[in-house]
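Student: Below is the sequence, then the predicted model.
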Amino acid sequence: MAQVFLGIGSNTEREKHIRAGLKAIAKSFTWQQRSRIFCSASVGFSGSDFYNLVVEVETDLSVTEVLAECKRIEQENGRVPGSAKFSPRTLDIDVLLYDDVIREQQPQLPRGEILENAFVLWPLAEIAGHRLHPLLNLSYRQLWEQYQQTHKDSPQQLEPINDTHWLED
């Protein structure tokens, strides 16, 4: 079984879509763990704040099958295929890691946004801090520490939220 890490985000009816997305992911894959949920400002456009988190799952599906399943879950939650990259999202699910696979084609693995966005790297470091980035041979915890040092003058503001009142049924 492949170990897969998925980045999840929403800034439209955030609680509803995050909850629905997590339930659908748990039905489609073998659930392992999730990070805390973080609130962050929109990046690349003016819009409502996002909720973001990372989940770890296991699956027998191929990379392209995992991507297709994630797109199906997004569409079930109102995501319009082909919408602008920097725009509001009901649900966004990105394949961040698939074992230690390295790919240039879609989905790019490891996903480049891991190193660019605090809302991806911090939750990934939280649940997979010991894992090594397959290209850089540094742990995600080390990469998060480096990110904090290099972005301390212009950090992306993240705030962990208390999700216990709405996430768990």
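Tutor: Sure thing, it's come through. Numbers count the residues shown, from 1 in each chain.
Student: does the most far-flung residue of the chain relative to its centre count as helix, strand or coil?
Tutor: Largest separation from the mean C-alpha position in the chain: Asp153, at 24.3 Å (CA atoms, centre = their mean). When the structure is split into helix, strand and coil by DSSP: H, G, I helix; E, B strand; the rest coil, Asp153 lands in coil.
Student: try Leu61
Tutor: For Leu61, the secondary-structure state derived from three-state DSSP is coil.
Student: Pull the number of nearby residues for it.
Tutor: For Leu61, the count of nearby residues is 18 (other CB atoms under 10 Å). Bear in mind the C-beta positions are built from the backbone N, C-alpha and C, glycine included.
Student: so which strand or helix has the residue lying closest to it once chain neighbours are set aside?
Tutor: Nearest in space to Leu61, with sequence neighbours left out and distances taken as CB to CB, 6 or more residues apart in numbering, is Glu69 at 6.7 Å. Secondary structure assigned from DSSP states H and E places Glu69 in helix 63-76.
Student: Let me know the next secondary structure element after that helix.
Tutor: That would be, after helix 63-76 and using DSSP H and E, strand 92-98.
Student: What residues of the helix or strand following that next one count as buried?
Tutor: Past strand 92-98, heading to the C-terminal end, the next element that is a helix or strand (DSSP H and E) is helix 113-116. Along helix 113-116, these residues count as buried under the neighbour rule (16 or more other CB atoms under 10 Å): 114-115.
Student: So in that sheet, which strands flank the helix or strand of the chain with the lowest mean pLDDT, and in what orientation?
Tutor: Of all helical and strand segments in the chain, the minimum by mean pLDDT, DSSP states H and E falls on strand 158-160, at a mean of 90. Strand 158-160 pairs in its sheet with strand 38-40 (antiparallel), by DSSP bridges.
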